[in-house]
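> Structure here, sequence nowhere to be found:
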């Protein structure tokens, strides 16, 4: 294994050297550096979110609004799988539990942010992707690895996913909607309890043509800029999903998914006020409700009912100028989460989160940043190991220094003290971003990875006593590094390559003990190593109505393993649900009024348990999708998407079958009513200036990476 890691490191260093040499030869000895290489805090504003530092030394990908609309993805997980080839683990169709994988780490070890505010559940560390309506998302920022100094949030071992919903609006008013219907291919299938061949008529029923209208989704939004001081935006969404699709059970008999119906919906209201000195304050309210039936077991026709109600209140303040060279941003967030699972399991959780960040510019090439974040957790549940009510505090204080000895070389050093009121740990980070020439940027990071155990890991107890938490767990702690090269040749070609390594001791995993009970344990050392290659070609076209052709490919090798001794004496085991190889690709053909996008995603074999036995392995799979978008005049867009074109029968989570081919058809509409021009005292008309809704421009093109 040491030889493998050494070979990977040598290969990446050699590759980076070659690319640097080629880029330098292409440019020559004299470089004309752009003044905007690094975004400044006081430059053009766009979004009022808790953005943190404008520059990151880590690997970062941005999915803009244009890419979100082209994908016609049903939810956040599907979008990330198709756009950046993220590995997804799901228990089936819409509304089911879904986990994401970034550099070998699952959702519990990825920091999920909404407008810069932490959104992971303090109880489980998980995140319900169904709370996010993609029609209200402006862009998604994905920062890879634990080296993040951009947001400096705790627990980001695998990386950070920031979902930005706040948008700078034009003066006037606007409204719109999106409606979709998802249908699955109907077919003949065995009756419940019948295990006979398909040529035995008495054992077969169907097809159920109602599956052609299995799921409907509706999203509405309204917004307006009333004057130079006040603007607002609100949105509503709802989904009805039957999740009635065909699959083959473990014996090869055709079945139809039942007992997995979901109804959910939510809303969001944002109110923005402009204060003196370009400061802004945002009041944001979110509500989400879900009514879910889920099978008692993977293929059960019986089901249990789950009801979820989540209410979030958020206040964000941002000021680019407090005095002299100081700036600040902050937020206070309250969330109430009510969950009922069947008749006997319930939880009433309350979370209060506060964030404050400061930036100081003592010199042109020096920036000092500091900040504090704190979260208070109140959990009232009957699935606690000791008693019903649990409370806790977690947070941290950080100090970051940024130094640019020359215009295109940035050094960042940061240290954060994190605590749960019982222990204090320091998490240092250091990185650099060096724009060697206008075409090539080299980044390198070294960081400590640290995470306290989640409440469920310590206190969870299932109704049947088969899953019981462990209050004696130690925090996960380790170190990591990565090396990133970014090559950009004008707007026609870009290439990002990265190599990473992380070593985590006291890694927490749920293990089955000899008595059959599952408990979380600090099983030993977990190691994560890999490489990531992402070339992108963009070719302008002038062939009839065709305007562009974009081809993207991706290869990820990530080897995640646990080093411990099990009952059989084995000491190196693969981390469950982490594929070694991920290959993806997409072709995006654009014309003046629309586009056609086709993508494919392959994952190699994954193990479902730490035993790494073939009986508990999930076979490799390759799925493909195609999406058509066509504008119908100025206000309407028609789209159709064929998901899983090849009708591949596969599992994402052991024994839980994923849907086959489905057809999504929908229409979107947007109407804008610009504000009328003001007439000055001299009688000439002049437009009202657009309201600035942000602190800073992060230098990001909304259309892609």
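Cool, the structure landed. Everything numeric in this text was worked out from a predicted model, so none of it was measured. Numbers count the residues shown, from 1 in each chain.

> Correct me if wrong, but residue 70 is in a strand.
No: applying DSSP: H, G, I helix; E, B strand; the rest coil, one finds residue 70 to be helix, outside a strand.

> Please verify my assumption that it contacts residue 587.
No: assessed by CB atoms under 8 Å, residue 70 is found out of contact with residue 587, at 11.9 Å. The way it works is simple: take the backbone N, C-alpha and C, and place the C-beta from them, glycine included.

> Who has more neighbours out of those two?
Of the pair residue 70 and residue 587, residue 70 is the one with more neighbours under other CB atoms under 10 Å, namely 25 against 16.

> residues in contact with the more buried one?
For residue 70, the contact set (CB atoms under 8 Å, 6 or more residues apart in numbering) comprises 588, 595, 597, 627, 629.

> Could you tell me how many residues sit around the last one?
To tie it back to what came earlier, the one meant is residue 629. Counted with other CB under 10 Å, residue 629 comes out at 22.

> returning to that earlier point: pick out whichever of the contacts of residue 70 sits closest to residue 647.
residue 627 (17.0 Å; CB to CB).

> Between residue 70 and residue 587, which contacts overlap?
residue 597.

> Apart from its chain neighbours, what residue comes closest to residue 311?
In space, and not counting its chain neighbours, residue 311 is closest to residue 336: 4.8 Å by CB to CB, 6 or more residues apart in numbering.

> Give the bridge partners for that neighbour, please.
Beta bridges link residue 336 to residue 311, residue 350 when assigned by DSSP bridges.

> isn't it right up against residue 350?
Yes: the criterion here is CB under 8 Å, and residue 336 meets it with residue 350 at 5.5 Å.

> and the helix or strand residue 555 falls within, what does it pack onto?
Taking DSSP states H and E as the criterion, residue 555 maps to strand 546-563. Under the contact criterion of 3 or more CB pairs under 8 Å, 6 or more residues apart in numbering; DSSP states H and E, strand 546-563 touches strand 518-543, strand 572-574, strand 581-591.

> Tell me the buried residues in that strand?
550, 552-563 (16 or more other CB atoms under 10 Å).

> Any idea how many residues pack against residue 514?
6.

> follow-up on the earlier one: may I have the strands that pair with the strand holding residue 555, each with its orientation?
strand 518-543 (antiparallel), strand 572-574 (antiparallel), strand 581-591 (antiparallel).

> and that strand, how far out from the chain's middle?
Distance, stretch centre to chain centre, for strand 546-563: 16 Å (CA atoms, centre = their mean, to the nearest Å).

> Could you do stretch 322-340 as well?
For stretch 322-340 - counting by CA atoms, centre = their mean - the centre lies 20 Å from the chain centre.

> now stretch 152-170
With CA atoms, centre = their mean, you get 9 Å for stretch 152-170.

> likewise stretch 88-99?
That offset, for stretch 88-99, works out to 14 Å (CA atoms, centre = their mean).

> Touching it from outside, list them.
In contact with stretch 88-99 (CB under 8 Å, 6+ apart) are residues 74-75, 77-78, 80-81, 100-101, 106-108, 126, 129-130, 215, 239, 241, 243, 245, 257, 260, 262, 264, 290, 292, 294, 577, 652-653, 656-659.

> can you tell me the distance between the two ends of that stretch?
Length of stretch 88-99, first residue to last, CA to CA, to the nearest Å: 6 Å.

> Tell me the confidence at residue 676?
pLDDT, the model's per-residue confidence, is 70 for residue 676.

> Closest to the centroid, which residue in this protein?
Nearest residue to the geometric centre of the chain (CA atoms, centre = their mean): residue 161, 4.3 Å.

> Spell out which residues sit in contact with that one, please.
Contacts of residue 161 by CB under 8 Å, 6+ apart are 80, 100, 102, 110, 111, 112, 113, 140, 141, 142, 143.

> Those residues in strands, which ones?
Residues of those located in strands (DSSP state E): 100, 110, 111, 112, 113, 140, 141, 142, 143.
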